[in-house]
Structures are given as C-alpha cells and as structure tokens.
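S.K.: predicted model follows, preceded by the sequence.
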Amino acid sequence: MKAYLANGLFSIGDRLLNELLAKELRSAIPTLDLYVPQENDAINDKQAFANSLAIADADMEKLRDSDVLVAVLDGIEIDSGVAAEIGVFSTYNRPIIALFSDVRQLGRDNQQKINALIEDGTENQFIYRNLFVVGIIKRNGVIVSTIEDVIENVKKYINKEEV
C-alpha cells in the first residue's frame with residue numbers, strides 16, 4: 001500500500017512533525033510505502049533549484065500512485081499546498097486521513113465557551129477550518145486529532161483493501 005503525507009515543510013515544527021509522523025507510520029505499518037515530500041531532495045532541497053512544474057509533476061505523480069492521503073490540517077490556516085493536495089487527491093475517491101491536533105478543539109461541550117461565542121462573536125474560543133476542505137475530506141475520509149488515530153485509520157483502510 002502506498003500513502004502520501006501532506007503537510008507544510010518549511011518550518012522546524014512542520015519538518016519535525018513530518019519526521020515524527022512518518023517514523024510512527026513506518027514503524028506501525030512496515031509494509032507501508034510512504035511518500036514524504038520533504039524527503040524528496042530532487043524537488044525540496046531548498047539549497048538547490050526546482051521550478052514549479054518540476055514540483056507539481058513530482059508530487060502529482062505520487063498523489064496519483066497513492067492509495068491513501070495523510071494530511072495535516074494544523075497551523076493558523078490549512079497550508080495552501082496541503083489544501084491543493086487534498087483537492088487533487090479527492091478526485092481519485094480514495095481515503096483521506098486528516099490530522100488536526102489543535103487543542104482549541106477541546107471543550108466543545110463547555111457551555112461557557114458556547115455562551116461567550118453567542119454573546120460576542122469575537123470571543124471565539126474555537127478554531128475554524130475551511131469548510132470546503134473539511135467537506136472534501138469527510139466525503140472519503142476522517143479527521144482525527146492524534147497520531148495514534150492516524151495510524152489506526154490507515155490500518156483500517158489496509159484491512160479493508162485486503163478483504
């Protein structure tokens with residue numbers, strides 16, 4: 001089975017998360033052929049040069065060949081590259097497992113938070129994700145909040161494929 005890991009790759013935090021997520025997926029699912037764009041130095045060694053067409057062609061090929069997309073939704077907004085990868089991958093009708101670990105998801109049942117939002121829209125204690133992107137993910141996948149849940153859902157998909 002082939003998987004594609006979509007996340008930003010320019011900050012230390014993004015690169016460390018990508019390394020951790022890739023390590024955990026590969027450890028838990030040794031048969032998984034995981035493509036991590038930041039590991040592709042041909043297009044992502046920022047000391048070298050790759051033009052937009054080279055980057056698009058390389059990543060599109062890997063998206064086309066993948067059975068599942070693991071996409072990270074963290075950050076102030078969904079990374080624009082990740083949103084594009086989700087959009088492209090959704091056209092293949094294959095599962096998307098999205099990781100959204102932002103702690104502002106917690107307390108959704110806290111009535112004080114809900115009341116504060118109702119009384120004053122600027123008291124939004126929750127986080128917004130683009131609903132179009134969320135809808136695309138939900139059509140063929142799931143949004144989870146932990147790395148363990150990502151692994152569990154990728155395993156579920158592998159088990160469905162083996163049946």
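M.R.: Done, it's in.
S.K.: next, the buried residues of stretch 48-68.
M.R.: Buried residues in stretch 48-68, counting neighbours by 16 or more other C-beta atoms under 10 Å, are found at 50, 55, 58-59, 62-63, 66-68. In short, each C-beta sits where N, CA and C put it, glycine included.
S.K.: so which of these belong to strands?
M.R.: Among the buried residues of stretch 48-68, the members found in strands (DSSP state E) are residue 68.
S.K.: residues contacting the most centrally placed residue in the chain?
M.R.: The geometric centre of the chain, computed from its C-alpha atoms, lies nearest to residue 71 (C-alpha atoms, centre = their mean), at 1.2 Å. Shown in contact with residue 71 (C-beta atoms under 8 Å, 6 or more residues apart in numbering): 6-7, 82, 85-86, 96-99, 137.
S.K.: counting contacts, what elements does the lowest-mean-pLDDT helix or strand in the chain pack onto?
M.R.: In the chain, no helix or strand scores lower on mean pLDDT, DSSP states H and E than helix 41-44, which sits at a mean of 78. If contacts are counted by 3 or more C-beta pairs under 8 Å, 6 or more residues apart in numbering; DSSP states H and E, helix 41-44 sits against helix 52-65.
S.K.: return the helix it packs on as PDB; C-alpha atoms alone will do.
M.R.: What follows is helix 52-65, C-alpha atoms only, in PDB (Å, rounded to 0.1, in the frame of the first residue of the first chain):
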ATOM      1  CA  SER A  52       7.100  25.000 -10.100                       C
ATOM      2  CA  LEU A  53       6.500  22.500 -12.900                       C
ATOM      3  CA  ALA A  54       9.000  20.000 -11.500                       C
ATOM      4  CA  ILE A  55       7.500  20.300  -8.100                       C
ATOM      5  CA  ALA A  56       3.900  19.900  -9.400                       C
ATOM      6  CA  ASP A  57       4.800  16.900 -11.600                       C
ATOM      7  CA  ALA A  58       6.700  15.100  -8.900                       C
ATOM      8  CA  ASP A  59       4.000  15.500  -6.300                       C
ATOM      9  CA  MET A  60       1.100  14.800  -8.700                       C
ATOM     10  CA  GLU A  61       2.700  11.500  -9.800                       C
ATOM     11  CA  LYS A  62       3.000  10.500  -6.100                       C
ATOM     12  CA  LEU A  63      -0.600  11.600  -5.400                       C
ATOM     13  CA  ARG A  64      -1.900   9.600  -8.400                       C
ATOM     14  CA  ASP A  65       0.000   6.500  -7.200                       C
END
